[in-house]
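*Asks:* Sequence plus predicted model, see below.
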Amino acid sequence: YQRRVRARTQTKQSQMSDTYPIQLLIDELKNDETQLRLNSVRRLSTIAEALGPERTRTELIEFLCESLDDEDEVLLALADELGRFVDLVGGPEHASTLLRPLEALAAVEETLVRDRCVESLRTVLAAMPAEEAGNAAVDLMRRLATSDWQTARTAAAALADAVHAAVARGPAADQSKLSTEVRTLFGTLCTDSAPMVRRAAAARLGALAEAVGGDIVRAELHTHFLSLAADDQDSVRLLAVANCVSLARALSSDAAAIGDLVLPTVRACARDPSWRVRYMVAEQFCELCEACGAPLVETELVGAFVRLLADGEAEVRSVAATKVAGVCASIPSALAIERLLPCVTALASDQSQHVRAALAGAIMQLAPAFGKEATTEHLLALYLQLLQDEFPDVRLNVISKIDVVNQVIGIALLSKSLLPAICMLAEDKNWRVRLAIIKYIPLLAEQLGVEFFDEQLSNLCMTWLGDTVCAIRKAAAANLSELAAVFGTAWTTSNLVPKVLMLYTHPNYLYRLTTLAAVEGLASVVGADVIRESLLPLVVRMATDPVPNVRFNVAKTLRSLVPLVGGDVRADAIQPCLDSLQADADQDVKFYATEAIAQLASA
């Protein structure tokens, strides 16, 4: 009797153990607390592993299909988790079981949930076996595309290219029929009454065009393209610009077709009454030039770009200005000088400081395309004008690309204007401007040479070490190591090290900390001899500083010097100093000294 009781008890416990994971999930997903439900969804993969593939398909997925009425953040996590469930349901041959819950999530009103669900559906469709993926994908798209809910139709449009890809890798006998149905459904979505559906269709039309090839683009998709490009909603029309790029790529072997089918839409978008559409044309202009080819760029697109550079909206002019160098690289320099240079000259004096800043970042890139003679004749005056601009971002953008001009015409012609611009930026009351120019000093030093740097910029770099803003002092200290790498050990030893050694007596301890930061940066560049003779003695002297913050930073600096010096220097100079710091009354100093000693022992 007792054996029978024990057997029944063990059986009951085994059944409870088998049902515990799913029961726990049910309880948590029914909890009133959103965070508990969210945590439960994020543990779905763990629960699925405990249940095994078969029970995951038959129990867990079924339960999830009945639990889709929840907060958006829970549904978002669920859509994300299901995209990683292919292996947990038994691999690709069972991946189709995930389509049902994801299809339901695809009709959710929240955009983030729907977008994440579409990504998960793409993953699942790509994982499904080729022989069943096509039919399953088309059935899914058909149900979504014919739904009464515009959210479901939006998801169908977003999946069009993924469904076509699933059909393309399926049995050859089914491809023609299924592919035709996909394009028919997509065409219906392109003319849907809901703008959000048409917008989703416009967003995927380019990808579908590149997948189906030029013949179908001419026969079918071009009609949908024109319809979307002429949509009454500018949020739909602006997507036509990216589609122009995709269609031009699909028709790349037929320049005449690009001219007839794509370029009229480009020209129309460049004149669109909505500035957002014109902005997208300017943003995508380099991609358009690459897709259409040089002959069409010269004859058709340059005129449209000129209009964008002279657009009435500053935002459009700004983004067009950033594309100047890319467009000039696509056309002969003579044409660029004739058609684009007048626009560039006008933008250099634009009333919007943001337009001038955008131009300053791009105009330096024109030098390689123009060549030395044309750059000196046409662009040098603009460079000098922008270097004197009252807006600091304009000057910074010019300086940041100075190396490009140096490779073409040399730095001498700009050097006289560079120094005043650098000094103005270095003394700007906005500390972020001062921080930005510090980052460009090594680049300028490399271009200007050691003689110019010693005469004009060396003292400026040391001045930044005493700036009132901590971020400036840190950047200036890091800057010294980069300068040392540019000019070499000999120059660093004779020019930088003596000036750094003079800083440690500053009455403000924050500036003395900057000295330690400078030492740490220079130590990695100057070599063991300079460390032993100049830098290490300074650090050891600062170990007796009255401020604990300085003393524990001494310990940290000594720790960084350990791998850079020999064993005799460690024993004779670093070890005694760390021993004294370890006996310090301040706990922080003791802590960092102990860490440094441990580093020393393991070296």
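*Replies:* Cool, got the structure.
*Asks:* Report how many residues lie close to Ser494.
*Replies:* Neighbour count for Ser494, taken as other CB atoms under 10 Å: 9. In short, each C-beta sits where N, CA and C put it, glycine included.
*Asks:* check contacts around Phe453.
*Replies:* Leu444, Ala445, Leu483, Phe487 (CB atoms under 8 Å, 6 or more residues apart in numbering).
*Asks:* Low-confidence ranges, the stretch 301-450 of the chain, go.
*Replies:* Within the stretch 301-450 of the chain, the ranges that satisfy pLDDT under 70 run 414.
*Asks:* Cross the contacts of Phe453 against helices and list the overlap.
*Replies:* Where those overlap with helices, as defined by DSSP state H, the overlap consists of Leu444, Ala445, Leu483, Phe487.
*Asks:* Contacts only, for the last one.
*Replies:* This points to Phe487. If you count contacts by CB under 8 Å, 6+ apart, Phe487 has them with Ala445, Val450, Phe453, Asn495.
*Asks:* State the distance from the residue found closest to the first one once you drop the neighbours it is linked to in the chain to Glu110.
*Replies:* With CB to CB, 6 or more residues apart in numbering as the criterion, Ala445 has its nearest non-adjacent residue at 4.8 Å, and that residue is Phe453. Here Phe453 is placed at a distance of 57 Å from Glu110 (CB to CB, to the nearest Å).
*Asks:* How confident was the prediction at the most centrally placed residue in the chain?
*Replies:* Closest to where the C-alpha atoms of the chain average out (CA atoms, centre = their mean) is Glu283, at 16.5 Å. You'll see Glu283 listed with a pLDDT of 94.
*Asks:* How about the contacts made by it?
*Replies:* Val241, Val319, Lys323.
*Asks:* If we use 6 Å, what do you get?
*Replies:* For Glu283, the contacting residues are Val319, by CB atoms under 6 Å, 6 or more residues apart in numbering.
*Asks:* likewise Ala127?
*Replies:* Val86, Pro92, Ala95.
*Asks:* roughly how far apart are it and Leu558?
*Replies:* From Ala127 across to Leu558, the span is 56 Å (CB to CB).
*Asks:* now do Val526
*Replies:* Separation of Val526 from Leu558 (CB to CB): 16 Å.
*Asks:* Those two: which has the busier surroundings?
*Replies:* For Val526 versus Leu558, the count of surrounding residues by other CB under 10 Å is larger for Leu558: 29 against 24.
*Asks:* Could you report the separation of that one from Arg570?
*Replies:* For Leu558, the distance to Arg570 (CB to CB) stands at 9 Å.
*Asks:* repeat for Leu600
*Replies:* Taken as CB to CB, the spacing of Leu600 relative to Arg570 amounts to 6 Å.
*Asks:* How about Phe85?
*Replies:* For Phe85, the distance to Arg570 equals 57 Å [CB to CB].
*Asks:* Of those two, give the one with the bigger neighbour count.
*Replies:* When Phe85 and Arg570 are compared for neighbours, Phe85 comes out ahead with 26 against 17, by other CB under 10 Å.
*Asks:* Helix, strand or coil: sort out that one for me.
*Replies:* Following DSSP: H, G, I helix; E, B strand; the rest coil, Phe85 is assigned to coil.
*Asks:* Not counting its neighbours along the chain, what's nearest it?
*Replies:* Take Phe85 and drop its neighbours on the chain: the residue closest to it by CB to CB, 6+ apart is Leu98, 5.6 Å away.
*Asks:* Might one say that the one you found is in contact with Arg122?
*Replies:* No - Leu98 lies out of contact with Arg122 (CB atoms under 6 Å); the separation is 12.0 Å.
*Asks:* count of residues packed around Pro442?
*Replies:* Other residues within reach of Pro442, judged by other CB under 10 Å, total 20.
*Asks:* oh, I was asking about Asp584
*Replies:* Counted with other CB under 10 Å, residues neighbouring Asp584 total 18.
*Asks:* go on, Ala571?
*Replies:* For Ala571, the number of neighbouring residues by other CB under 10 Å comes to 11.
*Asks:* mind listing what it touches?
*Replies:* Ala571 touches nothing, counting by CB under 6 Å, 6+ apart.
*Asks:* Would you map the helices across the stretch 201-350 of the chain?
*Replies:* For the stretch 201-350 of the chain, helices defined by DSSP state H, counting those that start in this stretch occupy the ranges 214-216, 222-229, 234-237, 239-250, 255-261, 263-270, 275-283, 285-292, 294-296, 302-309, 314-322, 324-328, 333-335, 341-347.
*Asks:* Name the nearest residue to Thr265, sequence neighbours excluded.
*Replies:* Among residues not flanking Thr265 along the chain, Ala229 sits closest, at 4.8 Å (CB to CB, 6+ apart).
*Asks:* got the contact list for stretch 197-204?
*Replies:* Outside of stretch 197-204, the residues that reach it under the criterion CB under 6 Å, 6+ apart are 150, 153-154, 157-158, 160-161, 189-190, 192, 228, 235-236, 239.
*Asks:* Now that stretch - C-alpha only, CSV.
*Replies:* Once non-C-alpha atoms are left out, stretch 197-204 reads as follows in CSV (Å, rounded to 0.1, in the frame of the first residue of the first chain):
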residue,chain,number,x,y,z
VAL,A,197,-0.8,52.2,-45.9
ARG,A,198,0.4,54.1,-49.0
ARG,A,199,3.3,55.4,-47.0
ALA,A,200,4.3,51.9,-46.0
ALA,A,201,4.0,50.8,-49.6
ALA,A,202,6.1,53.7,-50.8
ALA,A,203,8.8,52.7,-48.2
ARG,A,204,9.1,49.2,-49.6
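*Asks:* I'm done for today, thanks for sticking with me.
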